[in-house]
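Participant: build the 3D model from these lines:
(one chain, ligands or ions: 1)
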Amino acid sequence: MREIPWEQPFADRFQSREAELKQLFYALYPNDEQAFSYFADMLYRTYQQRSPALRRLDAQREEKPSWYKGRDLVGMQLYVKAFAGTLRGVREKLDYLQEAGVNYLHLMPLLESPEGRSDGGYAVSDFRKVQPELGTMEDLAALAEDCHGRGMAVCLDFVMNHTSEDHEWARRAKAGDRACRERYFFYDDWEIPIRFERTVPQVFPTTAPGNFTWNQEAGKVVMTTFYPYQWDLNYCNPTVFNDMTENMLYLCNQGVDVIRLDAVPYIWKELGTNCRNLPQVHSLVRLMRMACEIVCPGTLLLGEVVMEPSKVVPYFGTMDKPECHLLYNVTTMASTWHTVATKDVRLLRHQLGQVFALPKEYGFLNYLRCHDDIGWGLDYGFLRWFGTEEVPHKKFLNDYLTGMWLGSPARGELYNNDPRLGDARLCGTTASLCGVELARERENTELLDWALRLDEMLHAYIFTLSGLPVLYSGDEIARQNDYTYHNDPLKAEDSRWIHRGDMDWEAAEKRRDPETPEGRIFTALRRLEQLRAEHRVFDGAADVWIVDTRDDSVLGIGRYYRGEKLVALFNFSQEEKTVSACELGEFRDLLTGEKADKCRVRLPSGGFRWLLCDFARECQG
Ligand code: GLC
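Facilitator: Presented below is the predicted three-dimensional model:
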């Protein structure tokens, strides 16, 4: 019995999950009752630290657990420094974000991280401290409070696979502290690391080859799956799990609504395996999900699982034992850029068909670009049916999207080019990959018109999918690549900085002038977002299917919900197309309001149509 009984509702929430918590915890940490009791006390401590305002928000969200599935939700991810300099700066720009329709704000890593060895903030040296140049923890809490006041949710990365080599645990480990060494993977020599290397692939084969680093100070080899300064945490040690979960809950208590579990598939390591997606990872995520449900039930987990579909979906868990609330629709994203390059929608149709067949409860985060590269994790088994082989195809995609392919207007750069495997990934902003940059440079108005139409179409397509659409900051004003990183020795090696440039506020001023590229895209996206919010057919509960357009360069998506049917058509080809949408009902164009002839739908090159049939209205008419 506890000396002081737990308060409600904590006690109920904990007790109803206690059996499963124990079962999972003891499977990972056999019979470690002391560690479990620390875990339970830690949950209560963090619960007590939660502010009354956040507890009220929890209660509201518990009333409406699908609060994050609304069709009015639009996300944006941004780097605080690039967007507005500081956290206070972001607060001052909330009007702009609202004008852009954003009500889910993903702030890229902002916790303390040593300059030059930070991987864009993904090497955290203190989970309780904001990078001083961006502000303080109080500033973060104040920003979250402002956001909540405006009905916006805040997402933050939780970099849990590793810490910076400057984190206190790492520094103490270097100095010989045994307990801290046990928080990482240390080896006296290369024997075991070499055995690991036989089965573990490399994340950054060019910029950070290998999975281990020799540390001179400790006189030992340490596991570093990502960069050498990012030391992998050892989750076989319950202290690591307990302390990291406490760090996560601490961030939730600052008002963070969505925790992005960074690189989550990597968190459990075992010799002889590829150290990805091991069953223990799922137990850890499930434990963290329950920790949130107990302490801060208004909080969501977003899993960063950049893997093939069969590895992604298990991170949703099961209906009665859920893990993540949201997952990235990563294969769809990569298949989309494949379609831009090939102008052949067959792969995308196949990919989307699989996504549409999944339970509607699954929450996908849909996106065109994010802060990372585009990795070509496509369904090559399917592509092989058409004679497309992996290595030459990756080369084609990279050639096309870097503008090396004859006639391609795209501008991108390669990322982690690994000539041994014929594998390279790709970076660039949406607008530059669509050809906006080249067209503006050449002052080619026809090409510019086409490139902007493609950019708009890709966004319309993202808004057509069920789930949470997340824009990448700058995409709302067709921001182009930023090449200045080439001159920064701390960034030059990492081409992801090409699409992480500073927000151009002068360009943003043009957003209300539809004659400018900025204004055209800003206005178009806003309109699409509004239509999406207005029409129930975009609801996550809608039925969604592939519409046969009888044209391999035109993608058709159908949606139906409570008397509303949408036929969405996307022309990826470079020619104007006329297709027939064989769907029952009378349609009108959602954007123009005009009646549409569904048997002869004209689509400009790179253009799209949203056709709506309102059965209820039709019956009245
Ligand atoms: C995630 C991030 C990426 C980072 C890596 C290591 O994949 O998205 O930017 O480099 O984790 O933390």
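
Participant: what does the stretch 351-500 of the chain have sitting close to the ligand?
Facilitator: 371-372 (CB under 6 Å from any ligand atom). C-betas here are computed from N, CA, C, even on glycine.

Participant: for the stretch 351-500 of the chain, what spans make up the strands?
Facilitator: Using DSSP state E, counting those that start in this stretch, the strands of the stretch 351-500 of the chain run over 363-366, 413-418, 423-427, 468-472.

Participant: and the second one, what does it pack onto?
Facilitator: Taking 3 or more CB pairs under 8 Å, 6 or more residues apart in numbering; DSSP states H and E as contact, the helices and strands that strand 413-418 lies on are strand 423-427.

Participant: next, the angle from the strand it packs on to strand 413-418.
Facilitator: Orientation of strand 423-427 against strand 413-418 (axes from the mean of the first three to the mean of the last three CA atoms, to 10 degrees) gives an angle of 160 degrees.

Participant: re earlier: TSV for the strands of the stretch 351-500 of the chain, including distance to P604 and mean pLDDT?
Facilitator: Shown next, in TSV, are these (distance: least, CB to CB, whole Å; pLDDT from 0 to 100):
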stretch	distance to P604	mean pLDDT
strand 363-366	24	96
strand 413-418	29	90
strand 423-427	27	93
strand 468-472	23	98
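
Participant: of all those, which one is nearest A208?
Facilitator: Set against A208 and scored by CB to CB, these come closest in strand 413-418, at 9.0 Å.

Participant: in its sheet, what does that closest one sit against?
Facilitator: strand 423-427 (antiparallel) (DSSP bridges).

Participant: tell me the secondary structure at the residue in the chain positioned nearest to the ligand.
Facilitator: Per CB to the nearest ligand atom, Y122 is where the chain lies closest to the ligand, at 3.3 Å. At Y122 the chain is in coil, as set by DSSP: H, G, I helix; E, B strand; the rest coil.

Participant: okay, the strands of the stretch 351-500 of the chain, which one's buried deepest?
Facilitator: strand 468-472 (a mean of 25; mean count of other CB atoms under 10 Å).

Participant: go through whichever helix or strand comes after it and flag the buried ones.
Facilitator: With elements assigned by DSSP states H and E, the helix or strand that comes after strand 468-472 is helix 505-508. By neighbour count on 16 or more other CB atoms under 10 Å, the buried set for helix 505-508 is 507-508.

Participant: chain center to helix 505-508: distance?
Facilitator: 25 Å (CA atoms, centre = their mean, to the nearest Å).

Participant: stretch 415-425 too?
Facilitator: Counting by CA atoms, centre = their mean, stretch 415-425 comes out at 23 Å from the chain centroid.

Participant: so how far is the first residue of it from its last?
Facilitator: Stretch 415-425 has an end-to-end distance of 5 Å (CA to CA, to the nearest Å).

Participant: other SSEs contacting the helix or strand encompassing V240?
Facilitator: Assigned by DSSP H and E, V240 belongs to helix 238-252. With contacts taken as 3+ CB pairs under 8 Å, 6+ apart, helix 238-252 sits against helix 10-28, helix 33-49, strand 126-130, strand 153-158, strand 258-261, helix 279-295.

Participant: let's see 7 Å
Facilitator: Counting contacts by 3 or more CB pairs under 7 Å, 6 or more residues apart in numbering; DSSP states H and E, helix 238-252 packs against helix 33-49, strand 153-158, strand 258-261, helix 279-295.

Participant: could you dump the ones you listed to TSV with mean neighbour count and distance to the ligand?
Facilitator: Shown next, in TSV, are the helices and strands packed on helix 238-252 (neighbours: other CB atoms under 10 Å; distance: least, CB to the nearest ligand atom, whole Å):
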stretch	mean neighbour count	distance to the ligand
helix 33-49	16	24
strand 153-158	25	8
strand 258-261	26	8
helix 279-295	21	15
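
Participant: mind giving me the domain ranges of the chain?
Facilitator: 162-232, 329-466+480-504, 539-620 (automatic domain parsing).

Participant: what angle do the helix holding V240 and helix 33-49 make?
Facilitator: Using the same axes, to 10 degrees: helix 238-252 against helix 33-49 is 10 degrees.
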